[in-house]
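1. Pasting a predicted model and its sequence here:
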Amino acid sequence: MGSKFLQQKYLLFSLLFLAALFLRLFSLESNGLWIDEIWSIQTSSQHNTVSEIIALCLNDTHPPFFDILLHYLMVLTNDAEFTGRYLALFFGMLGILLTHYYALKIVKNEKLALFAMAIVSFNYFHLTYSFEGRFYTLIFLFSLIAIGELYLFIISQQKNHLVKFWLFNVLFLYTHYYGGILLIVLAIIVLALVIFKQISRRNFWQIAFACFMVFVCFLPWFPQMIAKEGMTSWMSKPSFGDFFNYFYLYSGKNPIEFAFLFLPLVLAFKQFKVNKILFAFLYGTIFLGFFIPFVISQFSTPLLHNRYTFIYLPSIFLLAAIFWFETKIISTRMKQIAYGITLFAIVGNLFFIRDNFYSGNKDQWKEISLFLKSQEQLPVITEHERYLNYYLAKNDLDLAKNIAFVNSEIKTPFWFVAAPYDQRLLMSEGFLETLNTKEYPGGFTLYKVKKK
């Protein structure tokens, strides 16, 4: 019986991993890069040195660790267009494997660990960002490790878990400032645990020392983080309803998967007494992970966005796995029916309802550049020439110039590329005559114009 279960376990593990990989590879190169991906690719180019990358990141809103990792991969791939997406895919798949690992370590149940792995493998939100060439899957990975290692240290008292907690928190902070948010969240949870006598004061001071050492290691970059305070944010001020809206986005706006992820948050309180420390970690990271940046956003620069809530997404997945696997609210037979319906809804949502999940229409720089290659070669004007020029250069076309160039040297006619986030709409200023217009998804428009 044991041998048969082992074979079934490895078979199911392999099938889950391959299914997760297939879904992510299926759309890895389905569309061109959007502006943040282009920024990362250009910044991490093989032609830049590490010191130059760090200098460029000083002008960005995030620390340089991901861009440095991407740089070394760019050297190996000769600045290939989708290198950033391959790196995001790697961290996404590693996050799936470690979800199984930490679920097994924490709950010590192989079936539940496989269940948790399945939830991540088919989750719309994690899947989407597994083929976006930014650091979001790395945020998920570091958050999972930080939460898992801190919990395992408290349970086992083994110092190696605390060392890993320290190390990966340092790497997290050098990847994204939300590493600091997660560190504060975990510190508050640990403080609450010692107050309610769930852990010893010795444990508390050991963890406090590890957190202090994380801060010490981050000190070289700390002035750069402080310098960002007061900067204008592209994010809007969040509302309390965003907490629920984010769950809806995690599911790909699938009401069945939304219920699957959200109901445990409401109903799992009944299981709290079974393992108070574990559920304090899960509930604490979910609620505080949202609430702390929410409060900061109300009184300072807005910094809460659904992409950054990857810091508590591992807790959502683990809480859902534990609740649905262990709950006695519904029978085993009803659970099996519910799992089947949920899986059918998720797969249907991915393949048939959310077609933009595969077509990808965030930015149209690549599509516009390919069209321009087939047209009369005229000057190109845009407010965001850096991003369009990435693809114009790849197609051996003359580089675009900034919109400020229009009133000085440019001759007519010319191409004007309008993006949805333009601050200035050139076409509304009245001194241009439109000769032709081509609309693109996502609010992009290409105009062929001349001066009146």
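-> Looks like it came in fine. Predicted model only: the values in this text are computed from it and were never measured.

2. what ranges do the strands span in this structure?
-> With strands called from DSSP state E, the chain shows them at 380-382, 401-402, 414-418, 432-440, 444-451.

3. which residues are contacting the third one?
-> Going back to what we said before, that points to strand 414-418. 368, 372, 375, 378-382, 384, 388, 400, 425-427, 432, 444-450 (C-beta atoms under 8 Å, 6 or more residues apart in numbering). C-betas here are computed from N, CA, C, even on glycine.

4. which ones are touching Asp36?
-> By C-beta under 8 Å, 6+ apart, the residues touching Asp36 are Arg134.

5. pLDDT at it, what is it?
-> Looking at Asp36, its pLDDT stands at 92.

6. Ok, Ala80 next?
-> For Ala80, the pLDDT comes out at 92.

7. want to throw the strands of the chain into TSV with distance to Phe212 and mean neighbour count?
-> Listed next are the strands of the chain as TSV, based on distance: least, C-beta to C-beta, whole Å; neighbours: other C-beta atoms under 10 Å:
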stretch	distance to Phe212	mean neighbour count
strand 380-382	48	23
strand 401-402	47	15
strand 414-418	50	23
strand 432-440	51	13
strand 444-451	48	18
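
8. My guess is Phe240 contacts Val295. True?
-> No - judged on C-beta atoms under 8 Å, Phe240 makes no contact with Val295 at a distance of 10.8 Å.

9. circling back: can you list the strands of the chain in a markdown table and add distance to Leu104 and mean pLDDT?
-> Below are these laid out as a markdown table (distance: least, C-beta to C-beta, whole Å; pLDDT from 0 to 100):
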| stretch | distance to Leu104 | mean pLDDT |
| --- | --- | --- |
| strand 380-382 | 51 | 92 |
| strand 401-402 | 54 | 89 |
| strand 414-418 | 51 | 92 |
| strand 432-440 | 46 | 89 |
| strand 444-451 | 46 | 90 |
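
10. Of those, give the one that comes closest to Ile189.
-> Closest to Ile189 of the strands of the chain, according to C-beta to C-beta: strand 444-451, at 44.2 Å.

11. Just give the strands next to that closest one in its sheet, each with its orientation.
-> Sheet pairing for strand 444-451, assigned by DSSP bridges, gives strand 414-418 (antiparallel), strand 432-440 (antiparallel).

12. roughly how far is that strand from the heart of the chain?
-> Strand 444-451 sits 34 Å away from the centroid of its parent chain (C-alpha atoms, centre = their mean, to the nearest Å).

13. Equivalent analysis for stretch 51-70, please.
-> On the basis of C-alpha atoms, centre = their mean, stretch 51-70 sits 17 Å off its chain's mean C-alpha point.

14. next one: stretch 8-15
-> 27 Å.

15. So what touches that stretch?
-> Outside of stretch 8-15, the residues within contact range by C-beta under 8 Å, 6+ apart are His100, Glu110, Leu114, Met117.

16. If we go by neighbour counts, what in that stretch is buried?
-> Neighbour-count burial for stretch 8-15 flags Leu12, Phe13 (criterion: 16 or more other C-beta atoms under 10 Å).

17. And stretch 177-197, by the same measure?
-> By 16+ other C-beta under 10 Å, the buried positions in stretch 177-197 come out as 177-183, 185-186, 189-190, 193-194.

18. what do you get for stretch 226-240?
-> Ser233, Pro238.

19. gap between the two ends of it?
-> From its first residue to its last, stretch 226-240 covers 26 Å (C-alpha to C-alpha, to the nearest Å).

20. pLDDT of that stretch, averaged?
-> pLDDT averaged over stretch 226-240 gives 79.

21. hmm, who's touching that stretch?
-> By C-beta under 8 Å, 6+ apart, the surrounding residues in contact with stretch 226-240 are Thr61, Tyr177, Phe294, Ser297, Gln298, Ser300, Thr301, Pro302, Leu303, Leu304, His305.

22. and those, which are buried?
-> The neighbour-count test (16+ other C-beta under 10 Å) marks Tyr177, Phe294, Ser297, Pro302, Leu303, Leu304, His305 as buried among the contacts of stretch 226-240.

23. closest to Tyr250 among the residues you listed?
-> Relative to Tyr250, the closest of the buried ones among the contacts of stretch 226-240 is His305; by C-beta to C-beta it sits at 13.3 Å.

24. confidence score at the spatially most central residue of the chain?
-> Residue closest to the average C-alpha location in the chain (C-alpha atoms, centre = their mean): Tyr136, at 2.6 Å. Tyr136 is assigned 97 on the pLDDT scale.

25. hang on, isn't it packed against Leu89?
-> No - with contact defined as C-beta under 8 Å, Tyr136 does not count as touching Leu89 (11.6 Å).

26. which residues of the stretch 101-250 of the chain fall in helices?
-> 110-121, 124-129, 136-156, 159-173, 178-195, 201-218, 222-227, 242-250 (DSSP state H, counting those that start in this stretch).

27. Just give me the lowest mean pLDDT stretch among those helices.
-> Looking at those, the weakest mean confidence is helix 222-227, a mean of 84.

28. now that one, how far from the centre of its chain.
-> 23 Å.

29. Next: stretch 118-133.
-> On the basis of C-alpha atoms, centre = their mean, stretch 118-133 is displaced by 9 Å from the centre of the chain it belongs to.

30. How far does it stretch from one end to the other?
-> Terminal residues of stretch 118-133 are spaced 23 Å apart (C-alpha to C-alpha).
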